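> any chance you can model this:
(2 chains)
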Amino acid sequence: MARVIVDVMLKPEILDAQGQAIARALPRLGFSGVSAVRQGKRFEVDLEGPADEAALSDVRKMAETLLANTVIEDYTVTVES
Amino acid sequence: MSAARVGVVTFPGTLDDQDAARAVRHAGGEAVPLWHADPDLKGVDAVFLPGGFSYGDYLRCGAISRFAPLMEELIPAARAGLPVLGTCNGFQILCEAHLLPGALMRNAGLHYICRDQGIRVENTATPWTSDFTEGQEIVLPVKHGEGRYVADEATLSALEGNGQIVFRYVGGNPNGSLNDIAGIRNEAGNIVGLMPHPEHAVEDLTGAPSTDGRGFFSSILKKLVNL
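Next up is the predicted model:
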């Protein structure tokens, strides 16, 4: 069994209002030195079999179809070691 | 002659289907309930996708609804010219289904906004807006947390160039949408999506800010009668 991680992030040019709100809250909590925060989503996809090329191609298809909205988001697929 | 039949879709979590059906009947049409799990458009002449929180807004607003069995019928029918109007969550579903370009994101101020909103009608070349005049200013309720319309620059300039921006906010943009966009249409014009709620503004009795929403329903019914 393998675990594949799909990270979904807003495209760089899309305003991330939530990330900005987090960044603004940090100094108030005493955290300094942060210039920006962007918020994304992480999906942990557990496969029944190995993370071979066919399985990864399926995961990419899942990301493209459902997990990410590619109009506004980019995704990356990595195998957890 | 039998009344024009407008389908009103209900997903789990839809809120505004009863008001939408009532608005259709108020205008003299027949409202036909359509169920998300039933892949049957029941031969309707047009479809209203109402607002709410379909599938709990899980993942992204409209992301799950887009794959509902009913949508498998609706998407090709809409591409083939069936008039479809999506308000609020319905607009989000139309974008997720790629029937309309762009996407709707968390309001720039992060707050859920519920207020009476000024809107300018920018395009009347759709079956849902033909009873308005271009430049007409109307007032409709808005109530949403994720209504900030975004699209890339090429899409945005195509929308502007083709007259596909149907509604713009006036008197303040509630959510930070690009170019003050409140609603758009597809290139053919049969599919329209907007964040404000015409179905909540058809009767004085309910305390709505106006009855400007009636124009949507009179437009579509006239269109269907004259087909």
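> quick one: B:M71 and B:A97 touch, right?
Yes - judged on C-beta atoms under 8 Å, B:M71 makes contact with B:A97 at a distance of 6.3 Å. (Glycine included, C-beta is placed from N, CA and C.)
> which residues do the two both contact?
Residues touching both B:M71 and B:A97 do not exist when contact is defined as C-beta atoms under 8 Å, 6 or more residues apart in numbering or on different chains.
> packing partners of the helix or strand bottoming out on mean pLDDT in chain A?
Least confident element among the helices and strands of chain A, by mean pLDDT, DSSP states H and E: helix A:17-28 (a mean of 94). Contact partners of helix A:17-28 among helices and strands, from 3 or more C-beta pairs under 8 Å, 6 or more residues apart in numbering or on different chains; DSSP states H and E: none.
> the residue of chain B found nearest chain A pairs with what?
Here the residue of chain B nearest chain A is B:A103; by C-beta to the nearest C-beta that distance is 4.6 Å. With DSSP bridges as the criterion, the beta-bridge partners of B:A103 are B:V150.
> ok, now which ones touch it?
Under the criterion of C-beta under 8 Å, 6+ apart, the neighbours of B:A103 are A:69, A:71-72, B:95-96, B:149-151.
> so can I have CSV of the residues you listed showing distance to B:A3 and pLDDT?
Below are those laid out as CSV (distance: C-beta to C-beta, whole Å; pLDDT from 0 to 100):
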residue, distance to B:A3, pLDDT
A:N69, 37, 96
A:V71, 37, 94
A:I72, 40, 95
B:C95, 30, 98
B:E96, 31, 97
B:Y149, 33, 98
B:V150, 38, 96
B:A151, 37, 96
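> quick check: PyMOL command selecting the buried ones in those.
Per 16 or more other C-beta atoms under 10 Å in any protein chain shown, the buried members of these correspond to this PyMOL selection:
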select buried, (chain A and resi 69+71+72) or (chain B and resi 95+96+149+150+151)
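> which SS state does B:G176 fall under?
coil (DSSP: H, G, I helix; E, B strand; the rest coil).
> give the closest residue to it in space, chain neighbours not counted.
B:A108 (2.7 Å; C-beta to C-beta, 6 or more residues apart in numbering or on different chains).
> repeat for A:M9
Nearest residue to A:M9, sequence neighbours excluded (C-beta to C-beta, 6+ apart): A:G40, at 3.9 Å.
> you'd agree the one you found is up against A:V8?
Yes - judged on C-beta under 8 Å, A:G40 makes contact with A:V8 at a distance of 5.6 Å.
> quick one: low-confidence residue ranges for chain B.
Screening chain B residue by residue with the criterion pLDDT under 70, one finds the ranges B:1, B:227.
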